[in-house]
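> 3D, please:
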Amino acid sequence: MKRRYRVLGLAATLLVTALFVLYAARALRGQDLSVYETPRALSGIVLASLCWCATAPMMALAWRGMLNGLGVLRTTRELIAILGITQFAKYVPGNVAQYMGRVGMCLARGIPARAIAATTVLETLLLIAAAGVVGVGTGIWSGIGLQMVRHHVSQLFLVAILVGLVASGLVVFRGLAPRLAKRFSPGHAHLLEGDLFPPQRKLVHAFILYCGLYLAVGIGLVVLAHLLLPNYRHDDWLLIAAFSLAWVVGFVTPGAPAGLGIREGLLLLMLAPMYSAAPAGVLVIALRIATTLGDALLFGAGWLLLPRVVKPTRAKISADR
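Numbering: from 1, shown residues only. Reported below is the predicted structural model:
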């Protein structure tokens, strides 16, 4: 049985790798890459890639905290490895392969399904909320961004209401779900026994890390812009805001591998007040190259960091419960 799983895992890895190479070839086909061959441009792409790679430890620390809040103890190294390997699968069309791969790896390494489901849902919601906070927060510091915020006050107000409703819904679900299950479905009530979500302190910690994630990649985009387009005037706050908002739109758009096309289009739209079409296109393509390179580096690092021996999951009694 274990041999069969290893064969299936190898086949899945080869398939994902082939799809990734195909994606990269199509993305770069027909592009004039000579502008990226200067030492300044290459330095900017490498630095932006390293900023992108910094997101894996942040996500792993947030994930580890939420798992610990549910009584599941795992090492940061193992979680970074799982994220690095499975993140590569986001280039498979559908935007779900990376989560399917993460679930498979987690189950194979002894992480309970309930903890996987809870932390995955919370991670998704917190990532979306953090993108909105960082995008709007940094946008306000930009003169151009502040004008855009003022022109879309009503839309932002609706988003704030939606986020509030989601947060309220989680709180209500956490308190009422076990009671409702015992009343209307006693046979399945045991599935909702115990803690459904990590303590609030763990969620706040994860949210702060996710905000740092967007800031890190946004800073990478700022460095890339200054090195790639040295003769242009840059609005650093707008660059960070544009990335955060474009990333979350690509994240929630179904069917687009790694947000392909969605993020680039929105980035071009948001950067239009600062750059003309040509330099904006150069910058956006360079960012895609940097993030693709970063994903490849994370994939390799994941295989190197992944513990070969699966240790049994340890539970802990948390003091903040």
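> neighbours around the nearest residue to Lys202 once chain neighbours are set aside, how many?
Once flanking residues are discounted, Lys202 sits nearest to Gly69: 3.8 Å by Cβ to Cβ, 6 or more residues apart in numbering. Where you see a C-beta, it was placed from the backbone N, CA and C, and this is true even at glycine. For Gly69, the count of nearby residues is 26 (other Cβ atoms under 10 Å).
> verify the contact between Gly69 and His205 for me.
No: look at Gly69 against His205 with Cβ atoms under 8 Å: they stay out of range, at 9.2 Å.
> any shared contact partners between the two?
Shared contacts of Gly69 and His205 (Cβ atoms under 8 Å, 6 or more residues apart in numbering): none.
> what distance do you get for the residue nearest to Lys202 to Leu213?
Gly69 sits 19 Å away from Leu213, going by Cβ to Cβ, to the nearest Å.
> and stretch 290-305, what's buried?
For stretch 290-305, burial by neighbour count (16 or more other Cβ atoms under 10 Å) applies to 290-299, 301-302, 305.
> now do stretch 45-55: everything it contacts.
With contacts defined as Cβ under 8 Å, 6+ apart, stretch 45-55 is touched by 36, 213, 216-217, 219-221, 223-224, 227-228, 286-287, 289-291, 293-295, 297-298, 301.
> which ones among the residues you listed are found in helices?
The members of these that map onto helices under DSSP state H are 213, 216-217, 219-221, 223-224, 227-228, 286-287, 289-291, 293-295, 297-298, 301.
> what does the average pLDDT come to for stretch 226-236?
For stretch 226-236, the mean per-residue pLDDT is 89.
> can I get that stretch as CSV, trimmed to CA atoms?
Extracted as CSV, the C-alpha positions of stretch 226-236 are listed here (Å, rounded to 0.1, in the frame of the first residue of the first chain):
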residue,chain,number,x,y,z
HIS,A,226,13.0,50.9,-8.7
LEU,A,227,15.7,48.6,-10.2
LEU,A,228,13.8,47.8,-13.4
LEU,A,229,12.5,51.3,-14.1
PRO,A,230,15.1,53.7,-12.6
ASN,A,231,14.0,56.7,-14.7
TYR,A,232,10.4,56.7,-13.5
ARG,A,233,8.8,58.3,-10.5
HIS,A,234,7.3,55.6,-8.3
ASP,A,235,4.5,55.6,-5.7
ASP,A,236,5.7,52.9,-3.3
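> Leu271 contacts Val282, doesn't it?
No: between Leu271 and Val282 there is no contact under Cβ under 8 Å: 11.0 Å.
> any idea how far the residue nearest to Lys202 lies from Val103?
19 Å.
> also Gly302?
Distance from Gly302 to Val103, by Cβ to Cβ: 16 Å.
> how many residues are close by Gly143?
Neighbours around Gly143, by other Cβ under 10 Å: 11.
> now it: closest residue in space that isn't a chain neighbour?
In space, and not counting its chain neighbours, Gly143 is closest to Asp235: 7.4 Å by Cβ to Cβ, 6+ apart.
> what does Ile128 give?
Val248 (5.6 Å).
> got it, and Leu42?
Nearest to Leu42 is Tyr36, by Cβ to Cβ, 6+ apart, at 6.9 Å.
> which ones are touching the one you found?
Applying Cβ under 8 Å, 6+ apart, the residues near Tyr36 are 42, 45, 228, 286, 289.
> buried among those? Make that a ChimeraX selection.
Entered in ChimeraX, the line below selects the buried ones among those, by 16+ other Cβ under 10 Å:
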select :45,228,286,289
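> which one of the contacts of Tyr36 is nearest to Ile111?
Of all the contacts of Tyr36, the one with the least separation from Ile111 (Cβ to Cβ) is Ile289, at 33.6 Å.
> confidence score at the residue nearest to the closest one when sequence neighbours are not counted?
Nearest non-adjacent residue to Ile289, counting by Cβ to Cβ, 6+ apart: Ile45, 5.8 Å away. Looking at Ile45, its pLDDT reads 93.
> Ile45 sits in which helix or strand?
helix 39-53 (DSSP states H and E).
> quick check: next helix or strand after that helix?
Toward the C-terminal end, the helix or strand that comes next after helix 39-53 (DSSP H and E) is helix 55-69.
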